[in-house]
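**Student:** sequence unknown, structure follows:
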């Protein structure tokens with residue numbers, strides 16, 4: 001079978017190889033991968049910025065969808081022929097997050113999906129939503145579930161509330177779509193007028209070009225009549241967190257799920273205290289939350305925004321395209 005591995009950190013070391021197909025062990029399934037989608041985490045893993053002590057060689061990528069073609073002993077939750085998508089934090093089934101779950105993430109330290117066939121824990125797969133194909137389903141495991149956790153699990157968004165989401169990558173566009181389906185008003189930021197126009201086509205109520213309006217937190221307050229937003233989907237991290245805090249209403253939630261601008265910075269703790277804000281770290285979510293998301297997107301006929309589709313042989317080019325930041329929504333690699 002075809003698979004991608006890297007034996008040294010760096011995109012230039014990602015190579016396609018021919019490997020023997022894996023065999024599912026007890027409690028595992030063999031997934032015939034039909035589509036995989038990219039996340040910023042994948043770039044960090046391959047570059048050695050996510051875990052520089054990662055054991056190499058390794059097969060990367062975390063999100064995928066396909067058919068179950070074999071099952072190991074003791075598996076009765078799924079059957080051969082089921083069409084499923086991967087669940088990123090494979091050990092997190094339900095309830096609050098525990099530190100031990102961090103060692104069960106797909107795309108390392110557990111199996112990566114950049115291969116034609118992979119073995120996964122039987123507990124780490126979820127059926128496709130109604131009406132979804134493999135390409136659409138492959139976009140959901142990290143980006144959509146992260147947005148769902150920000151808005152629903154942590155943010156408890158209600159109809160009539162206001163949501164702010166930063167940027168137009170996969171998580172932000174899912175946050176826009178989900179928030180509108182939940183009945184919220186949505187404000188979205190970008191440095192691209194073209195991307196903001198596309199966001200308005202998807203239902204964004206207000207758009208802010210942060211290059212033209214560097215003090216975008218003040219623009220948010222103006223839009224909301226100085227009330228502030230109820231939930232912010234903070235995709236950038238330390239560089240924008242203080243502005244996100246300033247844009248909040250009292251008692252609101254900042255769902256912190258990105259670190260595009262690094263992991264460290266000076267944070268105005270006073271804003272958190274005086275506004276009694278909840279700053280909630282988001283990894284992704286549990287399998288039970290993923291199953292709830294699956295039902296929601298099916299009921300509301302939500303479809304992911306896919307920016308570009310690449311063939312399996314084009315995975316390195318797809319990753320470089322993601323690195324460029326030109327995408328709007330998700331990037332998918334399809335099996336051919």
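**Tutor:** Okay, I see it. Fair warning: this is a prediction, and the values are worked out from it, not measured in the lab. Residues are numbered from 1 along each chain as shown.
**Student:** Which strand or helix spans residue 250?
**Tutor:** Using DSSP states H and E, residue 250 maps to strand 248-256.
**Student:** Buried residues, that strand. List them.
**Tutor:** Under the neighbour-count criterion of 16 or more other C-beta atoms under 10 Å, strand 248-256 has 248-249, 252-256 buried. Quick note: C-beta positions are derived from backbone N, CA and C, even for glycine.
**Student:** next one: the next helix or strand after that strand to chain centre, how far?
**Tutor:** Later in the chain than strand 248-256, the nearest helix or strand by DSSP H and E is helix 269-274. How far helix 269-274 lies from its chain's middle: 28 Å, per C-alpha atoms, centre = their mean, to the nearest Å.
**Student:** what's the answer for stretch 16-25, then?
**Tutor:** 26 Å.
**Student:** Just list the residues touching the residue minimising distance to the centre of the chain, thanks.
**Tutor:** The centre of the chain sits closest to residue 143, judged by C-alpha atoms, centre = their mean, with a distance of 1.9 Å. Residues near residue 143 by C-beta atoms under 8 Å, 6 or more residues apart in numbering: 37, 39, 63, 169-171, 174, 330.
**Student:** try 7 Å this time
**Tutor:** 39, 170-171, 174, 330 (C-beta atoms under 7 Å, 6 or more residues apart in numbering).
**Student:** now residue 217
**Tutor:** Contacts here follow C-beta under 7 Å, 6+ apart; on that basis residue 217 touches 243, 246-247.
**Student:** what pLDDT does it get?
**Tutor:** pLDDT, residue 217: 98.
**Student:** What are the phi and psi values at the residue nearest to residue 154 when sequence neighbours are not counted?
**Tutor:** Setting aside the residues directly before and after it, residue 154 is nearest to residue 280 in space (C-beta to C-beta, 6 or more residues apart in numbering), at 4.2 Å. With angles defined as degrees, to the nearest 10, residue 280 sits at phi -110, psi 120.
**Student:** wouldn't residue 166 be in contact with residue 241 here?
**Tutor:** No. The pair residue 166 / residue 241 is not scored as a contact, 10.2 Å apart, by C-beta atoms under 7 Å.
**Student:** What strand or helix carries residue 5?
**Tutor:** strand 2-6.
**Student:** And the average pLDDT for that strand is what?
**Tutor:** Strand 2-6 comes out at a mean pLDDT of 97.
**Student:** Go through that strand and flag the buried ones.
**Tutor:** Buried residues in strand 2-6, counted by 16+ other C-beta under 10 Å: 3-6.
**Student:** Quick check: of those residues, which lies closest to residue 184?
**Tutor:** Distance to residue 184 across the buried residues of strand 2-6 (C-beta to C-beta) is lowest for residue 4, with 38.7 Å.
**Student:** Return the closest of the buried residues of strand 248-256 with respect to residue 149.
**Tutor:** Ranked by distance to residue 149 (C-beta to C-beta), these are led by residue 255 at 7.3 Å.
**Student:** Phi first, then psi, for the nearest residue to the closest one once chain neighbours are set aside.
**Tutor:** Leaving out its chain neighbours, the residue that sits closest to residue 255 by C-beta to C-beta, 6+ apart is residue 150, at 3.3 Å. Main-chain dihedrals, residue 150, degrees, to the nearest 10: phi -60, psi -40.
**Student:** Pull the contacting residues for residue 51.
**Tutor:** Neighbour list for residue 51: residue 45 [criterion: C-beta under 7 Å, 6+ apart].
**Student:** picking that back up, mind listing what the strand holding residue 250 pairs with, with the direction of each?
**Tutor:** Strand 248-256 pairs in its sheet with strand 229-234 (parallel), strand 278-281 (parallel), by DSSP bridges.
**Student:** got the contact list for the first one?
**Tutor:** Just to be clear, that refers to strand 229-234. Strand 229-234 is contacted from outside by 147, 150-151, 155, 157, 161-166, 171-172, 175, 187, 220, 240-241, 244, 247-249, 252-258, using C-beta under 7 Å, 6+ apart.
**Student:** quick revisit: between residue 166 and residue 241, which is the more surrounded one?
**Tutor:** Neighbour tally, residue 166 and residue 241, criterion other C-beta atoms under 10 Å: the higher count belongs to residue 166, 26 against 23.
**Student:** quick one: the more buried one and residue 102, what's the gap?
**Tutor:** Look at residue 166 and residue 102: by C-beta to C-beta, to the nearest Å, they are 25 Å apart.
**Student:** ok, the residue nearest to residue 104 when sequence neighbours are not counted - how many residues close by?
**Tutor:** By the measure of C-beta to C-beta, 6+ apart, the closest residue to residue 104 outside its immediate chain neighbours is residue 91, 3.2 Å from it. Residue 91: 18 surrounding residues under other C-beta under 10 Å.
**Student:** Also residue 177?
**Tutor:** Using other C-beta under 10 Å, residue 177 is surrounded by 23 other residues.
**Student:** related to what we said a few turns ago, the residue nearest to residue 255: neighbour count?
**Tutor:** By other C-beta under 10 Å, the residues close to residue 150 number 31.
**Student:** What of the one 3 residues further on?
**Tutor:** The criterion is other C-beta under 10 Å. On that basis, residue 153 has 17 neighbouring residues.
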